[in-house]
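Asks: Quick one, structure for this:
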Amino acid sequence: MEIKHFSDIDIISKGVTIGIGKFDGFHLGHKKIIEEVIREAKNKRSIPAVFTFKHFPTEFYLSAWEEKLNFFKISGIELCIWCDFEEISFWEPFEFIEYLKSINTNCVIVGNNFKFGSHRKGQISDLKKEFKVFVVDTVMIDGIVVNSSNIREFLKNGDFENVNKLLGRKFSFKGKVITGNSKGRILGFPTANLSLFNHINIKEGVYGCWVKYEEKFFKGALSIGNCPTFENQDRKIEVYIIGFDRIIYGETIEIFPVYRIRDQKKFDNIESLKNSIKRDVEEINEKLNLL
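Replies: Just a heads-up that it's a prediction; the model follows:
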């Protein structure tokens, strides 16, 4: 897949069929748009392409830029045209339309709530005056609208069942293992402290998860919060990898949260905390065996 900044694109003689959107998280609605792009590009013998944003205003991204590019690539997109939101946010709708014409766009695919141009003044009807346009209907799962905003809210509530439903796959995030305060090792449950590649906002608590390292999966107990028993102020993300004893500082692991065990809690003493962690690990080990 070719990746081009919007300012580096010349007219494409073969023409482009282009899907437009942020595509944050690449959920089932996004997948449907891309499927339509691939289908129409094949019919028109044009280049299947997307126009998307690398940086844009949002509370947090659902996926890192490299992950989004990979979703496009494995879906069959041949050209990704990108920009940062601030670079074109002041454009009037006609300017964006002229840009699409300048690269030889012959078909546009968007979601049914698509708006564009300064203050979102551009309408789908404006696009239809210049291009063949396919509008993809909103995807609903169990009565829930599939969109990035709803997925963020489910993440903030620690509801991974609904996150995964709307994504159409298992949600995950990656991070580099960094040194911590070794409290987990003292407790008998050494944890991998993570510096995330992509900031996400997940409700504080303890979760059962799968941990991917060197293409292998391990069960894990994921803790998100400030370790109130030790009166830490900083929010940490750390995972105890069950049955794993390697030192992996500086290496990358991927976390697949499955379900929430409990809230963060301040215990009266270290022994109570150790017993709780032990129960958490036993519960996670048993439940993940059933999945």
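Asks: For the rest of this, base every contact and every neighbour count on C-alpha atoms.
Replies: Will do.
Asks: The longest helix along the chain: which residues count as buried?
Replies: Ranked by number of residues, the top helix in the chain under DSSP state H is helix 270-289. Across helix 270-289, burial judged by 16 or more other Cα atoms under 10 Å covers 273-274, 277, 280-281, 284-285.
Asks: for those residues, which one is nearest S172?
Replies: Distance to S172, by Cα to Cα, is smallest for I284 among these, at 17.5 Å.
Asks: does the closest one really touch F218, like I thought?
Replies: No. Counting by Cα atoms under 8 Å, I284 sits too far from F218 to count as a contact (11.6 Å).
Asks: name the element I3 belongs to?
Replies: Taking DSSP states H and E as the definition, one finds I3 inside strand 2-5.
Asks: need the next SSE after that strand, C-terminal direction.
Replies: strand 16-20.
Asks: Show me the strands paired with that next one, marking each as parallel or antiparallel.
Replies: Within its sheet, strand 16-20 is paired with strand 47-53 (parallel), strand 105-111 (parallel), according to DSSP bridges.
Asks: for the strand holding I3, which positions count as buried?
Replies: So, applying 16+ other Cα under 10 Å, strand 2-5 has no buried residues.
Asks: So which elements touch that strand?
Replies: strand 79-83 (3 or more Cα pairs under 8 Å, 6 or more residues apart in numbering; DSSP states H and E).
Asks: Tell me which other helices or strands the strand it packs on touches.
Replies: strand 2-5, strand 47-53.
Asks: could you dump it to CSV, C-alpha only?
Replies: Once non-C-alpha atoms are left out, strand 79-83 reads as follows in CSV (Å, rounded to 0.1, in the frame of the first residue of the first chain):
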residue,chain,number,x,y,z
LEU,A,79,-3.4,4.1,-1.6
CYS,A,80,-3.8,5.9,1.7
ILE,A,81,-3.9,9.7,1.4
TRP,A,82,-3.5,11.4,4.8
CYS,A,83,-3.3,14.7,6.5
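Asks: ok, residues contacting that strand?
Replies: 1-6, 47-55, 69, 72 (Cα atoms under 8 Å, 6 or more residues apart in numbering).
Asks: tilt between that strand and strand 47-53?
Replies: 20 degrees (axes from the mean of the first three to the mean of the last three Cα atoms, to 10 degrees).
Asks: List phi and psi for G168.
Replies: phi 80, psi 20 (degrees, to the nearest 10).
Asks: quick one: it from E271, how far?
Replies: Remark: distance between G168 and E271 (Cα to Cα, to the nearest Å) = 41 Å.
Asks: what does E95 give?
Replies: 65 Å.
Asks: For the stretch 101-250 of the chain, which segments count as helices?
Replies: 124-128, 148-156, 160-167, 183-187 (DSSP state H, counting those that start in this stretch).
Asks: Just want the angle from the second one to helix 160-167.
Replies: Helix 148-156 and helix 160-167 are oriented at 160 degrees to each other (the same axes, to 10 degrees).
Asks: picking up where we left off before, please identify the deepest-packed of the helices of the stretch 101-250 of the chain.
Replies: helix 160-167 (a mean of 20; mean count of other Cα atoms under 10 Å).
Asks: returning to that earlier point: for the longest helix of the chain, which helices and strands make contact with it?
Replies: strand 205-213, strand 216-225.
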